[in-house]
Structure formats: structure tokens, C-alpha cells
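Chemist: Any chance you could fold what I've pasted below:
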Amino acid sequence: MGGRVSLFGWFIVAAACLSPILTFWIASVLGRFLRRKRQSRVLRGGATVADQPRSPRMDNAADSE
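Modeler: From the prediction side, this is the model:
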């Protein structure tokens, strides 16, 4: 019985140590996927206004007033 508890304890230690690594890995995979998805929408021309880069003309017009 002591061996099973010890083995279970090692699983808990491993999960606690690996969880930050897995969290960052999942975040990087999701970020890469979302970046590619947004980039493909921009290339197709179906991007929303928020995804499109700002026009330098709008910045110059605001500065000239």
C-alpha cells in the first residue's frame, strides 16, 4: 500500500511541476493558431475594422487640427 501512495505522490509532484510548462505551451499553440487565422483573414480581405492596420492619413489629419 505504501508503494501506491508514493507513486501517487510522484504523479502529483510531476503534475505540479509540469503544469506551468503545459500552460505556456498551450498558450503558445493557441496564440500561433489565432495569429495565423487573423493573418489569413487579412490576406483574404475579410478582416474586421479592428484587425486592419490604421491609416497614416487619419493620424496626420488629427495632428493638423
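
Chemist: now the helices: where do they sit in the chain?
Modeler: Using DSSP state H, the helices assigned to the chain run over residues 2-44, 56-64.

Chemist: Quickly, which of the ones you listed bottoms out on average pLDDT?
Modeler: Mean pLDDT is lowest for helix 56-64 among these, at a mean of 56.

Chemist: if we can go back for a sec, just say which of the helices of the chain is most tucked in.
Modeler: Compared across these, helix 2-44 shows the largest average neighbour count, a mean of 10 (mean count of other C-beta atoms under 10 Å). Glycine gets a C-beta too; all of them are placed from N, C-alpha and C.

Chemist: Give the other helices and strands that that helix contacts.
Modeler: Judged by 3 or more C-beta pairs under 8 Å, 6 or more residues apart in numbering; DSSP states H and E, helix 2-44 is in contact with no other helix or strand.

Chemist: I'd like to know how far Thr23 sits from Cys17.
Modeler: Counting by C-beta to C-beta, to the nearest Å, the gap between Thr23 and Cys17 amounts to 12 Å.

Chemist: Ok, Trp25 next?
Modeler: For Trp25, the distance to Cys17 equals 14 Å [C-beta to C-beta].

Chemist: Ok, Phe8 next?
Modeler: Taking C-beta to C-beta, one finds Phe8 at 15 Å from Cys17.

Chemist: same deal with Val42?
Modeler: 39 Å.

Chemist: Could you do Val5 as well?
Modeler: According to C-beta to C-beta, Val5 and Cys17 sit 19 Å apart.

Chemist: and what of Ser28?
Modeler: 18 Å.
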